[in-house]
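>>> give me coordinates for this.
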Amino acid sequence: MNFEYLSLVAVLVILIFFALVVIKLKSKPGRGDLQLCKAELMTSNELEFWRLLVPAAAPLNVAPQVAMGALISTRKGLSKSELFAARNRFDRKRVDFILYDEQGTVRLLIELDDRTHETENDAKRDLMTASVGYQTLRVRRKDARTEEALKIGLAEAMAGGENTVTKLAVVPG
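Residues are numbered from 1 along each chain as shown. Presented below is the predicted three-dimensional model:
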């Protein structure tokens with residue numbers, strides 16, 4: 001056999017081997033294909049509530065699904081382990097809605113309580129947001145059937161001052 005022929009075959013075998021390795025790596029989850037899909041910004045229940053909230057909250061602005069990391073930060077001077085421990089308590093959580101003014105100041109956090117909310121976890125969350133000065137209004141969707149009922153609840157919650165949690169009272173509507 002010819003040396004050039006053997007060299008060509010060896011190069012082809014090496015190229016095929018590397019091509020197979022690349023194909024194999026790309027087929028593993030988490031490598032080439034991240035296996036992602038689009039998520040909905042709000043559930044149908046949240047969207048229905050948002051439609052009542054926007055006019056009820058005017059002139060304040062409404063933002064849905066706000067990351068708690070945008071609302072809460074850690075104190076300066078923490079060690080790396082303290083920083084991560086503190087951030088892990090809130091950085092992957094979201095607030096259902098926030099009301100903010102034209103200067104960008106957050107005026108009220110709103111949590112739409114439904115079957116996915118657990119009372120004990122909600123209490124811890126409320127304590128955390130209150131500890132940094134936020135007011136929270138907790139609303140059961142069935143208790144906010146009208147724009148007027150929601151306006152009353154918003155006014156009461158914002159009159160409560162900093163570090164407070166208000167639950168929307170049942171208002172016929």
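>>> got any ranges where the chain has weak pLDDT?
1, 27-33, 115-117, 161-164, 168-173 (pLDDT under 70).
>>> three-state assignment of residue 72?
coil (DSSP: H, G, I helix; E, B strand; the rest coil).
>>> enumerate every residue touching it.
Residues near residue 72 by Cβ atoms under 8 Å, 6 or more residues apart in numbering: 90, 128-129, 132. All C-beta spots, glycine's among them, are computed from the backbone N, C-alpha and C.
>>> residue 109 in helix, strand or coil?
strand.
>>> could you check how far it is from residue 102?
Between residue 109 and residue 102 the computed distance is 18 Å (Cβ to Cβ, to the nearest Å).
>>> comparing those two, which shows the higher neighbour count?
Using other Cβ atoms under 10 Å, the more surrounded residue of residue 109 and residue 102 is residue 109, with 24 against 8.
>>> how many neighbouring residues does the residue nearest to the more buried one when sequence neighbours are not counted have?
For residue 109, ignoring the flanking residues on the chain, the nearest one in space by Cβ to Cβ, 6 or more residues apart in numbering is residue 136 at 4.5 Å. Neighbourhood size, residue 136 [other Cβ under 10 Å]: 21.
>>> ok, residue 136 - contacts?
108-111, 126, 129-130, 157, 164-166.
>>> check contacts around the residue nearest the centre of the chain.
The C-alpha lying nearest the average C-alpha coordinate of the chain belongs to residue 94 (Cα atoms, centre = their mean; 3.2 Å). Contact analysis of residue 94 by Cβ under 8 Å, 6+ apart lists 65-68.
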